[in-house]
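# Below: sequence and its predicted model.
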Amino acid sequence: MATDNREWERFDRRRRIGRFALVLVAAVAIIGSWRYMNTGIVRAETIPREVGDLLTRMYPPDVAYTTRIVQPLVETIQIAALGTLGALALAIPVALLAAENTTPNAVTFWLGKLIVTVSRSVNTIIWALFFVVLFGSGPLAGATAIVFRSVGFLGKLLGEEIEEINFGQVEAVRASGASSAQVLLYGILPQVKPALVGLSIYRWDINIRDSTVLGFVGAGGIGVQLFRAVNAFAWQSVATVLIVILGVVVATESLSAYTRALVR
Amino acid sequence: MLRATDLHKTYPTGDEALSGVTMSVEGSETVAMIGPSGAGKSTFIRCVNRLTEPSSGEIYLDETELTSLNDDALRSARRDIGMIFQEYNLVERLTVMENVLTGRLGYVSAWQAFRRSFPAEDIERAYEILERVGLNDMENKRVDELSGGQRQRVGIARAVIQQPKILLVDEPTSSLDPETSNTVMRLLTDIAAEREVPVLINIHEVDLATEHADRIVGLHNGELVFEGTPDELDEQGLDQVYRGAEVPENIGSQRVSDGDTDTAVDPDRPLAGET
Amino acid sequence: MAAGNRTWKRPTVFGRRGVKWAVYAGIVGFFIWSGVGVGADPARIARGLGNSASLVGDFMPPSATPRQSQRILDKMFESVAMAMVSTLTGIVLSVPIAFMAAENLSPRPLYAVNRGFISISRAFNAIIVGIIAVKAIGFGPLAGILTITFKTVGFFSKLLAEDLEDIDMGSVDAVRASGASPIQTLLYGVVPQIIPRFAGLSVYRWDINIRTSTIIGIVGAGGIGSVLLTAFNRYDYQYVTAILLAIIAVVLVAEGVSAVVRRRYN
């Protein structure tokens, strides 16, 4: 019977070759990468033992150290809050520039895109290196770094929201003789307000996490205490700091999720 | 009084929406502008308050020439021009009262606008107008909770509170059902008559136009092809206006163009900026 | 019609006006307190901004000697290589953890343990993980791979677990009802439902990993970051700018590749 020889394949030939090529490229890249770094496979096997060793030295956490980290922890929260507020203030004009329907002309549009791209491509810690040079070490440099990293994030997402608004509503406000500022307040702002609040809270949540490392480059926050303890090999103190950070981050994340659900 | 002289509009795409329209709205009359979609009706209305910039021509509102005004002067002039839109164009997430007060923005500072602190007489007038359009006790409802007919009443209130010298109305009923359309048109023309405000209304439903307007102008392909009273709009006039428009999208004019044999002249041509 | 002086106030979401002002005052107070806390006094900010003009001058134009350029290139390759390897290891490790962290597929205690692990991974910034990895296994790209793998597992297994929780159990039951073994049920009932998202997420995470790999060198975990920190510490600011431009370029290329692949695949 002819039907005995019928074959069935999940995908047609071209798609299969395409997938195969993609997997092959990825495999070659990964094997090539591994060999490029010449880290020696033997050492990789020691990872579990070394990590386990470190974790053992962290136990039990040094509870007394908690008193020393209250102030840095408060500072971390302040850095994140101020950084988010500053970023929001700067992100609104940037978003208006970077949105196709509100930007005055092509030059301002590309200016907006440039600000967003540079801000997003440079990590918070690198921004912090800059501002430590500018303001000296301390939390001010940290807060400014948070501002400069968050502007791109908020500007990009807010700009996308602005591009989605109903422009008829804006035109109607303009047709009544409103000034540009009034058009912004009555035509545009109400339409993007939920996104504005939601994105700010979301970014604040991220900024709490980012603020915990600013201390490494001297830009304030709980990181200062953490890296001091690490460099002193005081692993039990390190454990305390890590637990506190974990608690704050988990609490922030729940608060952020809860508040964003309210604003819908 | 509104007078447009030789008004031209060519879009950047090359589409010529208006090719030399001259017309006027006098006294406190209601003028209906009819024509197939793509004829340039919306473009004309939008050129008056320069939501669309005309390419050439002059527009006088009383003594003011509108096309040459700079930004500041244009804003002042817009305070005297009320506009009602096809899709209502209300700010959905604001309350009814805020939307009505939008009509007074031209008279307050940005800070006052932000604080929502409008002069007491504006608030009083807003309440009166809301009562007039039948939206008593709705002032604190958000617009996205309202029905289509209610929204267009808010739209009317917003335009009327401007105390305009003219009302521009762009297809006010195309998002409404026939019954609501009739009520809204009646309300609109009644309010305009009470306040002796002239109205220029864009409408493609010929029935509504002949019923509610004092005078009718017909646009075809960017040119004025008919002008007269509703009584003077006969089969021949309608042929002129809708000649070549194969099947205009509404029932009123479809009935008219059924008898039209000259179908090949000009197919319906939607334009950028046309609704 | 009541003629006269009707007033109107915008209704507030807080119910009462007093509550509204209290909330606003609280927020403003919090920010002022924060401002004082971080030492954001206007004079200091003004002085800093005044210095910024000359500082920007120090950073411009970007420049690098041929040896420095070679170093940028070498270390950038190392960053990308770290990202490549740890995307693979991270995803491979994520799969079992995701299954154990899916509420509908995993027993309670196992679920809790794996969710806890995911939370820990997500809570700590890569820099913190990096510094501990360096202390545990020494400087170099291996610490970087460990770091990025750890971060990848948290991200990937969380999203994958959520996908697994959303799968249609009806079709899984149908496969099981046909007499399939547990492994076969997994392959025919579960896997086909999550494969499309899986591919998109992998490429997305690869993009994030490239970003991470360019900075964790700052704590000694391999890649271009160490070069950047050294240049900063030597006040060689024009070299810093050159390195930053290289980082931005690589990040943008990765983002572009990721966007294109995801669009093609979906």
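Nice, I can see it. Numbering: from 1, shown residues only, chains lettered A, B, ... in the order given.
# Would you mind giving the secondary structure of residue A:103?
Judged by DSSP: H, G, I helix; E, B strand; the rest coil, the three-state class of residue A:103 is coil.
# Report how many residues lie close to it.
20 (other C-beta atoms under 10 Å in any protein chain shown). No exception for glycine: its C-beta is placed from N, CA and C like everyone else's.
# That one and chain C, how far apart?
Separation of residue A:103 from chain C (C-beta to the nearest C-beta, to the nearest Å): 21 Å.
# can you pull the pLDDT of that residue?
If you check residue A:103, the pLDDT there is 89.
# give the contact list for residue C:190.
C:164, C:167, C:172 (C-beta atoms under 8 Å, 6 or more residues apart in numbering or on different chains).
# could you redo the last one with a cut-off of 7 Å?
For residue C:190, the contact set (C-beta atoms under 7 Å, 6 or more residues apart in numbering or on different chains) comprises C:167, C:172.
# now it: how far from residue B:150?
To residue B:150, residue C:190 is 50 Å away according to C-beta to C-beta, to the nearest Å.
# Residue A:198 now?
29 Å.
# Spatially nearest residue to the residue nearest the centre of chain C (excluding sequence neighbours)?
The centre of chain C sits closest to residue C:208, judged by C-alpha atoms, centre = their mean, with a distance of 6.0 Å. Using C-beta to C-beta, 6 or more residues apart in numbering or on different chains and skipping residues adjacent in sequence, the residue nearest residue C:208 is residue C:155, 7.4 Å away.
# My understanding was that that neighbour contacts residue C:205; is that so?
Yes. Residue C:155 is in contact with residue C:205 according to C-beta atoms under 7 Å; the separation is 6.1 Å.
# Distance check, the closest residue to chain A within the stretch 51-200 of chain C against chain B.
Here the residue of the stretch 51-200 of chain C nearest chain A is residue C:81; by C-beta to the nearest C-beta that distance is 3.4 Å. Noted for residue C:81: a distance of 50 Å to chain B, by C-beta to the nearest C-beta.
# can you give me the strands for chain B?
With strands called from DSSP state E, chain B shows them at B:2-10, B:16-25, B:30-34, B:56-61, B:64-65, B:81-84, B:166-170, B:199-202, B:215-220, B:223-228.
# Can you say which of the ones you listed is nearest to chain A?
Closest among the strands of chain B, once you apply C-beta to the nearest C-beta, is strand B:81-84, at 4.5 Å.
# So what are the sheet partners of that closest one and their directions?
strand B:166-170 (parallel) (DSSP bridges).
# With just CA atoms, put the strand it pairs with into CSV.
C-alpha atoms of strand B:166-170 as CSV (Å, rounded to 0.1, in the frame of the first residue of the first chain):
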residue,chain,number,x,y,z
ILE,B,166,-19.6,81.9,15.0
LEU,B,167,-20.1,78.1,15.6
LEU,B,168,-18.2,75.7,13.3
VAL,B,169,-19.8,72.3,13.3
ASP,B,170,-18.1,69.4,11.7
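# tell me the angle that strand makes with strand B:56-61.
On the basis of axes from the mean of the first three to the mean of the last three C-alpha atoms, to 10 degrees, strand B:166-170 is oriented at 130 degrees to strand B:56-61.
# mean confidence for strand B:166-170?
Rounded mean pLDDT across strand B:166-170 is 94.
# same check, this time on stretch A:238-256
Mean predicted lDDT for stretch A:238-256 stands at 91.
# what residues are up against the residue of chain B found nearest chain A?
The nearest approach of chain B to chain A comes at residue B:106, 3.0 Å away (C-beta to the nearest C-beta). Taking C-beta under 7 Å, 6+ apart, we find residue B:106 in contact with A:176, A:177, A:178, B:75, B:78, B:79.
# go again using 6 Å as the cut-off
Residue B:106 makes contact with A:177, B:79, according to C-beta atoms under 6 Å, 6 or more residues apart in numbering or on different chains.
# Quick check: it vs residue C:7, distance?
As for residue B:106, its distance to residue C:7 is 22 Å (criterion: C-beta to C-beta).
# what about residue A:107, which helix or strand?
helix A:106-121 (DSSP states H and E).
# could you say what helices and strands the following helix or strand past that helix packs with?
Next along the chain after helix A:106-121, taking DSSP H and E as the criterion, comes helix A:124-135. Packing partners of helix A:124-135 (3 or more C-beta pairs under 6 Å, 6 or more residues apart in numbering or on different chains; DSSP states H and E): helix A:139-163, helix C:42-59.
# Tabulate the ones you listed (CSV), appending distance to chain B, mean pLDDT and mean neighbour count.
What follows is those, written out as CSV (distance: least, C-beta to the nearest C-beta, whole Å; pLDDT from 0 to 100; neighbours: other C-beta atoms under 10 Å in any protein chain shown):
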stretch, distance to chain B, mean pLDDT, mean neighbour count
helix A:139-163, 13, 93, 25
helix C:42-59, 24, 80, 12
